[in-house]
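1. Output the structure for:
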Amino acid sequence: MTANALHKPAVKADPAHAEMANAIRFLAIDAVEKAKSGHPGMPMGMADVATVLFSRFMKFDPADPAWPDRDRFVLSAGHGSMLLYALLHLTGYEAVTIDEIKAFRQWGAKTPGHPEYGHTPGVETTTGPLGQGIATAVGMALAERLMNARYGDDLVDHYTYVIAGDGCLMEGISHEAMSLAGHLRLNRLIVLFDDNGISIDGSTGLACSDDQLARFAASGWATSRIDGHDPQAIETAIAAARQSDRPTMIACRTTIGFGSPGRQGSEKAHGAPLGPEEVEKTRAALHWPHRPFEIPADVLVSWREIGARGRSVRQAWKERSRKQCTADRSPCHDALNKKLPSAYTERMAQFIAQLTAERPKIATRQASQNVIDVIATVLPNLLGGSADLTHSNLTKAKTHKSVTPSTMDGNYVHYGVREHAMAAAMNGVALHGGFIPYGGTFLAFADYNRPAIRLAALMGIRVIHVMTHDSIGLGEDGPTHQPVEHVPSLRAIPNLLVFRPADAVETAEAWDCALRAETSPSVLCLSRQALPAFRTEASDNKVSLGAYVVVEPEGGRDVTLIATGSEVAIALEAARLLEAEGVHAAVVSAPCFELFRKQTAEYRAEVLGSAPRIGVEAAIEGEWARWLGDAGEFVGMHGFGASAPADVLYREFGITPAAVADAAMRNIIRARAS
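-> This is a model prediction of the structure:
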């Protein structure tokens, strides 16, 4: 008997379903009213659906919000956050007290305007940007099936439920996500569509006439349409979806602002408090005579019983998991605890020592491929992928097996030309647990991924983006594919580690940093062109410092040349040109600005020095001014690229050893004159 088979609650007759749903409605109404801001309409409209889902199907235990085999609930329509907070409070999540409900949208509260992962126990993912939730849920459902294929029903047997609105389905990411889920036949994914026909501007008919059921059906989903205020219809539809061999979308026809005489069915119920007079009319209409934030004792008891129901199921799961995960550091244990296997550190150290000895002159994308080949043998929970650029990004290990509907024991996902959904799905995989996801595309396409990357940074989750063809060095494909603003713009995202390694050793060290960054996503910006090796001795991970001195001239510095990625070789050659002129030039490699910022002021001063500084990067300037100071100069791009061979582009755009040496001399002369 599986875990989900154990969890089949009976329908309670007392108190009535309406009373339990109204508890959700009025917590939402009262919280929004007290905050004087928020979105009451969606919680009021979807309260019936949420009540049936949580009371009759959801497997969870508020005493352990992170229990690995719980069902996942994703509120993709994150503006309706009070629906989720009401459910968490009613079912007994300790952190979500009635005082937290009263503090909705206030400083420090566990009830922020939109759900935030890591801030509120019971929130599975940060939502608010429409469409992100449903796409993230695809990753969760994928991870569940992949884990199930490895560890079986006794350990992994749960569903991913999503409440999505019209806006989620209008966003383009929904198409990418539902297409991927349908293709992979992720049958443990159930989307409950809040089909209320209203958006902020008014009727959805103003902007959209899509047949949403036909859309999903065309992508291989099972679909149905129900009255979202009929508890029996809701229960029947969800029960059928749980037996499907495909993902399911249930269109729940609801009334936004249900129960509000003057606002229901109107955009006026969407994003503003009802107002004191309308609140009182709604209390009368729904026969809810209770004071604000007051829940009748019998209703609260019934909700708390629903929350307590999962405890025995979780405890039974823990007993089963102990039998399968017997060793402290078994693959199962590591997967569930998001830890790197014990063999990883030794194997990575051996590989870096090998690279320093062999000094290969290869593109950093190829160096990354070599790293993946090595770590895949010691990281069984590494889940790779690419947005239809596997042979360009070089992201598939020799030992990797493709994930298909019939091979869920695979470890490489072909995401297709769906960059945005790939990034969001990787977030879902990371949030679910069990895998370390990475995925590849061209750096010039980073903006397709950006909304999901930003959310990963906000949530503090380990997701690795392998982005190749990182500069004008890709050559003839021209400015459409040559990223010039992407590295600086990615560096602007808080808590995102942006790596631009300069040779094979730095590439391996960047991978090591990304794998160890359990609370930050990473982007590896990798070259198409071959780069010479310059690291000749094995040492502690220097990339982890963010920037470090590669060449320190004898006799003190006249100038410091700071470069990243492919331009480190240019800086090294410029230093040789300057040395021939009697100028002492230090060379600094700065593969990760974010990690450099985290170092002590003393270390940063030691690396940067007091001499004039020249920054070298085949991108626009961005935050280089911080590191160069007023006396420094940037050698790089000042506009878009062009179509030509790489060496011609570097020459024509003035990113050459001679140009760097000339900039150094100008700044030395200027500094001496002042």
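
2. pLDDT of the strand or helix carrying Val138, averaged?
-> Using DSSP states H and E, Val138 maps to helix 132-151. Computed over helix 132-151, the mean pLDDT rounds to 97.

3. go on, stretch 354-364?
-> Taken as a whole, stretch 354-364 has a mean pLDDT of 96.

4. Show me the contact partners of that stretch.
-> 367, 370, 470, 501-508, 526-533, 535-538, 565-566 (Cβ atoms under 8 Å, 6 or more residues apart in numbering). Where you see a C-beta, it was placed from the backbone N, CA and C, and this is true even at glycine.

5. among these, which are in helices?
-> Secondary structure assignment by DSSP state H places Ala367, Asn370, Ala504, Val505, Glu506, Thr507, Ala508 of the contacts of stretch 354-364 in helices.

6. Do you know the pLDDT at the fifth one?
-> According to the prediction, Glu506 has pLDDT 98.

7. I'd guessed it sits against Ala533; true?
-> No: the pair Glu506 / Ala533 is not scored as a contact, 9.4 Å apart, by Cβ atoms under 8 Å.

8. hey, C-alpha coordinates of stretch 532-540 in CSV?
-> C-alpha atoms of stretch 532-540 as CSV (Å, rounded to 0.1, in the frame of the first residue of the first chain):
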residue,chain,number,x,y,z
PRO,A,532,45.3,29.3,-23.1
ALA,A,533,45.9,27.8,-19.6
PHE,A,534,47.7,30.0,-17.1
ARG,A,535,47.2,28.2,-13.8
THR,A,536,50.1,25.9,-13.4
GLU,A,537,50.0,24.9,-9.7
ALA,A,538,47.3,23.2,-7.7
SER,A,539,46.0,25.3,-4.9
ASP,A,540,42.9,26.1,-2.9
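
9. List the buried residues of it.
-> Residues Pro532, Ala533, Phe534, Arg535 are the ones in stretch 532-540 that count as buried (16 or more other Cβ atoms under 10 Å).

10. for the stretch 301-450 of the chain, what spans make up the helices?
-> 310-324, 331-337, 342-358, 364-375, 390-393, 419-432, 446-459 (DSSP state H, counting those that start in this stretch).

11. got it, and the stretch 551-674 of the chain?
-> Counting by DSSP H, counting those that start in this stretch, the helices of the stretch 551-674 of the chain are 567-580, 593-597, 601-608, 624-628, 646-652, 657-673.

12. Pretty sure Ala611 sits against Gly555.
-> No: between Ala611 and Gly555 there is no contact, the gap being 11.9 Å when judged by Cβ under 8 Å.

13. ok, Glu358 - how many residues close by?
-> The number of residues packed near Glu358 is 9, by other Cβ atoms under 10 Å.

14. likewise Val413?
-> With other Cβ under 10 Å as criterion, Val413 counts 26.

15. repeat for Ser406
-> 8.

16. Just the pLDDT at it, thanks.
-> Confidence score, pLDDT, at Ser406: 97.

17. Kindly report the same for the one 3 residues further on.
-> Per-residue confidence at Asp409 stands at 97 (pLDDT).

18. Repeat that for Ser539.
-> 86.

19. Just give the number of residues close to Pro612.
-> Pro612, neighbours per other Cβ under 10 Å, totals 25.

20. What of the one 3 residues further on?
-> Other residues within reach of Gly615 by the criterion other Cβ under 10 Å amount to 28.

21. do the same with Lys36
-> Other residues near Lys36 number 9, with proximity taken as other Cβ under 10 Å.

22. Who are the contact partners of it?
-> Per Cβ under 8 Å, 6+ apart, neighbours of Lys36: Pro273.

23. so how far is Pro276 from it?
-> 11 Å (Cβ to Cβ, to the nearest Å).

24. what do you get for Ile453?
-> The value you get for Ile453 to Pro276, if Cβ to Cβ is used, is 42 Å.

25. Please identify which of these two sits among more neighbours.
-> Ile453 (25 against 9).
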